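Engineer: Below are the sequence and a predicted model; questions follow.
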Amino acid sequence: MEEPQPPSAPEAHGPLARRRFPGLASQIQHARRFVERALGASPELTTATLLTSEVATNAIAHSASGMPGGKFEVAVDLAAGWARVEIRDLGSPERPRAQHRDPYDTSEHGRGLDLVDALAAAWGAEPRPDGLGRLVWFELVWHTEEGSEDAPASPAE
């Protein structure tokens, strides 16, 4: 079977849905729910919410987003057979990277981006164009049947 290929990026219309959250650990669950609503019945919904949780947690734990008054933003874009989730944080001096830890290492930290690296079709981290922090994104792809429509009819709130 041929690997699914992401469709061309959607027209430059902006993301399907975007929302800001306070930089608090309690907001991770709300970010997951936001992505769930935006992706609807996508077959990659579980993966998208898991990876959103990991990247948003990193934004709070490893950037200025976790400082008092900090915030992070989640944006979702969707086309048939493709989704992209972006987490924008307030930045830090370190560039996010997968750790590729030993699978037998029992420490509880340092695996979030390893999961993103393993499960996403593509991902990356880059400075935000406005210079106010960074953007960590991941893309998921899946096979769609001819004539099926995975994209929602209207943008999520």
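Structural biologist: That came through fine.
Engineer: Any idea what the nearest residue to Gln27 once chain neighbours are set aside is bridged to?
Structural biologist: Closest residue to Gln27 apart from its sequence neighbours, by C-beta to C-beta, 6 or more residues apart in numbering: Phe21 at 4.2 Å. The C-beta positions use only the backbone N, C-alpha and C, and glycine is treated the same way. Applying DSSP bridges to Phe21 gives these bridge partners: Phe72.
Engineer: Send me the helix-or-strand element of the chain with minimal mean pLDDT as PDB with only the CA atoms.
Structural biologist: Lowest mean confidence among the helices and strands of the chain (mean pLDDT, DSSP states H and E): helix 112-119, at a mean of 87. Provided in PDB are the C-alpha atoms of helix 112-119 (Å, rounded to 0.1, in the frame of the first residue of the first chain):
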ATOM      1  CA  GLY A 112       7.200  14.500  24.500                       C
ATOM      2  CA  LEU A 113       9.000  15.400  21.300                       C
ATOM      3  CA  ASP A 114      10.100  11.800  20.800                       C
ATOM      4  CA  LEU A 115       6.400  11.000  20.600                       C
ATOM      5  CA  VAL A 116       5.900  13.900  18.100                       C
ATOM      6  CA  ASP A 117       8.900  12.700  16.100                       C
ATOM      7  CA  ALA A 118       7.500   9.100  16.000                       C
ATOM      8  CA  LEU A 119       3.800   9.800  15.300                       C
END
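Engineer: So which other helices or strands are in contact with that helix?
Structural biologist: helix 45-62, strand 122-127 (3 or more C-beta pairs under 8 Å, 6 or more residues apart in numbering; DSSP states H and E).
Engineer: Tell me the spacing between the nearest residue in space to Thr49 that is not next to it in sequence and Ala121.
Structural biologist: Leaving aside its chain neighbours, Thr49 sits nearest to Arg32 (4.5 Å; criterion: C-beta to C-beta, 6+ apart). Applying C-beta to C-beta, to the nearest Å, the value for Arg32 to Ala121 is 20 Å.
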